[in-house]
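**Student:** sequence-free structure coming up:
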């Protein structure tokens with residue numbers, strides 16, 4: 001049972017990371033496809049870079065789960 005709970009928790013963490021990545025990708029697409037809509041941002045390229053950094057962190061979480069806990 002403990003192993004089942006562990007897998008369930010790891011799965012939830014992985015799904016959360018995947019959802020965060022999906023949201024960040026959508027935000028990046030909005031920034032890239034609608035530059036007029038993000039005119040209020042002082043440095044949109046920096047904002048996109050920050051979002052890519054956040055994707056990298058979430059992907060790292062997924063990678064660790066898949067490598068170290070499977």
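**Tutor:** Structure's in. What do you need? Everything quoted here is computed from the prediction, not taken from an experiment. Numbers count the residues shown, from 1 in each chain.
**Student:** From now on I want contacts and neighbour counts done on CA atoms only, so please keep to that.
**Tutor:** OK.
**Student:** Tell me which helix or strand the residue nearest to the spatial centre of the chain sits in.
**Tutor:** By CA atoms, centre = their mean, the mean C-alpha position of the chain lies nearest to residue 21, the distance being 2.5 Å. Applying DSSP states H and E as the criterion places residue 21 in helix 2-33.
**Student:** Same question for that helix: list its buried residues.
**Tutor:** Neighbour counts using 16 or more other CA atoms under 10 Å place 10, 13, 14, 17, 18, 20, 21, 24, 25, 28, 31 of helix 2-33 among the buried residues.
**Student:** Most widely separated two among those?
**Tutor:** With CA to CA as the measure, no two of these lie farther apart than 10 and 31, at 31.7 Å.
**Student:** one step back: go through the buried residues of helix 2-33 and name the one with the lowest pLDDT.
**Tutor:** Ranked by pLDDT, the buried residues of helix 2-33 bottom out at residue 31, which has 85.
**Student:** any low-confidence regions in this protein?
**Tutor:** 1, 36-41 (pLDDT under 70).
**Student:** Now do the same contact list for the residue nearest to the residue nearest to the centre of the chain when sequence neighbours are not counted.
**Tutor:** Excluding its sequence neighbours, the residue lying closest to residue 21 (CA to CA, 6 or more residues apart in numbering) is residue 55, at 5.4 Å. Taking CA atoms under 8 Å, 6 or more residues apart in numbering, we find residue 55 in contact with 20, 21, 24.
**Student:** Would you check that the second one makes contact with residue 57?
**Tutor:** Right, residue 21. No: with contact defined as CA atoms under 8 Å, residue 21 does not reach residue 57; the gap is 9.4 Å.
**Student:** Pull out the buried residues from stretch 48-62.
**Tutor:** So, applying 16+ other CA under 10 Å, buried residues of stretch 48-62: 48, 51, 52, 55, 58, 59, 61, 62.
**Student:** Looking at the residues you listed, which one is closest to residue 3?
**Tutor:** For the buried residues of stretch 48-62, the nearest to residue 3 is residue 62 (18.6 Å; CA to CA).
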